[in-house]
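**Q** structure, please.
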Amino acid sequence: MADEKDIVQEPVLSNTDLAFERTILAENRTLMAWVRTAISMISFGFTIYKFFHEMSHPSHLSQHLFSPRKVGMMMIAFGLLALLWGVAEHNAMVKKLKKSYPGTERSRVAWLAVLVLLFGLALFLGALFKQ
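**A** Residues are numbered from 1 along each chain as shown. Now for the predicted structure:
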């Protein structure tokens, strides 16, 4: 039989602590949804751009108000804006949670979102300046 000294008792989380943990996890899931949506819009924009660009003659494309290139670039830009918006909302919520619960740390999902944003911006600028 183990001595009472050998048994390590971990602190029990209160209902308030658990509620904060659930809120933080929900906020991370929300940011992951923003990242998925942005990646979908960015990749769909590149798909439209490349697919229709390969199918059409370049002189035919310039006659349309919304060429595949313009639509693709708009989709990429909307994806980047959506991701920027999601990161801003996430940061605002984390800052609000830190006031009440100082133990709140920056999530790894936020770092992933920033990396996707920077990579998407580099791809957007690369596509924008390649005519």
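**Q** any idea how far Ala88 is from Leu123?
**A** Leu123 is 21 Å from Ala88, where distance means C-beta to C-beta, to the nearest Å. Just so you know, the C-beta spots here come from the backbone N, C-alpha and C atoms, and that holds for glycine as well.
**Q** which SSE is the most centrally placed residue in the chain in?
**A** Compute the mean C-alpha point of the chain, and by C-alpha atoms, centre = their mean the closest residue is Val35, 2.6 Å away. Counting by DSSP states H and E, the element that carries Val35 is helix 15-55.
**Q** ok, back up a step: surely the residue nearest to the centre of the chain touches Gly86?
**A** Yes - under the criterion of C-beta atoms under 8 Å, Val35 makes contact with Gly86 at 7.1 Å.
**Q** shared neighbours of the two, anything?
**A** Common neighbours of Val35 and Gly86, counting by C-beta atoms under 8 Å, 6 or more residues apart in numbering, are Ala113.
**Q** burial of Leu31, as a residue count?
**A** By other C-beta atoms under 10 Å, the residues close to Leu31 number 23.
**Q** count the residues that sit near the residue nearest to it when sequence neighbours are not counted.
**A** Of all residues not flanking Leu31 in the chain, His90 sits nearest, at 4.5 Å (C-beta to C-beta, 6 or more residues apart in numbering). A count of nearby residues for His90, using other C-beta under 10 Å, gives 21.
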